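>>> have a look at this fold, sequence not included:
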């Protein structure tokens, strides 16, 4: 068997074994790179941090970030993310609001 008219293969079994291992390694490497890329390209939740002003309510804040979602659902998500058990928020509190509410 002649490869590129320059190299001669003397033992075909060794050559086939080498090619099989080479293709297997390249396949494994490609698969691991693709799966790693897919794992890191998932939707990562990003947050917007706001400082509560006097007169702000969870309802008003949620209505700004609702994007046509049910405001009650958005209030629930904000309360869950910030560990707010009551509906009362105070001026000066920092509230983090997830920007992509689809993950919740």
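Nice, thanks for sending it over. Since the model is a prediction, treat every value here as computed from it, not as a measurement.

>>> next SSE after the helix or strand containing residue 36?
Residue 36 is part of helix 12-40 when elements are defined by DSSP states H and E. With elements assigned by DSSP H and E, the helix or strand that comes after helix 12-40 is strand 47-51.

>>> excluding its own residues, what touches that following strand? List them.
Residues outside strand 47-51 that contact it (CB atoms under 8 Å, 6 or more residues apart in numbering) are 61, 65, 81, 92, 93, 94, 95, 96, 97, 98, 99. Where C-beta positions appear, they are placed from N, C-alpha and C, glycine not excepted.

>>> ok, now how distant is the third one from residue 31?
With distances defined as CB to CB, to the nearest Å, the gap from residue 81 to residue 31 amounts to 35 Å.

>>> look at the two and report which has more neighbours.
Taking other CB atoms under 10 Å, residue 81 and residue 31 do not tie; residue 81 has more neighbours (15 against 10).

>>> among the contacts of strand 47-51, which two are most distant?
Maximum pairwise distance among the contacts of strand 47-51 (CB to CB): 22.5 Å, between 92 and 99.

>>> okay, the two: which has more neighbours?
residue 99 (12 against 9).

>>> so that one touches residue 46, yeah?
Yes. If you go by CB atoms under 8 Å, residue 99 and residue 46 touch, sitting 4.7 Å apart.

>>> any idea which of the contacts of strand 47-51 is closest to residue 7?
Set against residue 7, the nearest of these by CB to CB is residue 99 (57.8 Å).

>>> ok, the closest one - contacts?
Residue 99 touches 45, 46, 47, 48, 65, counting by CB under 8 Å, 6+ apart.

>>> so which of the residues you listed is the most crowded?
Most surrounded of the contacts of residue 99: other CB under 10 Å gives residue 65, at 17 neighbours.

>>> for the closest residue to it other than its chain neighbours, give its distance to residue 58.
Leaving out its chain neighbours, the residue that sits closest to residue 65 by CB to CB, 6 or more residues apart in numbering is residue 97, at 5.3 Å. For residue 97, the distance to residue 58 equals 10 Å [CB to CB].

>>> thank you kindly, that will do.
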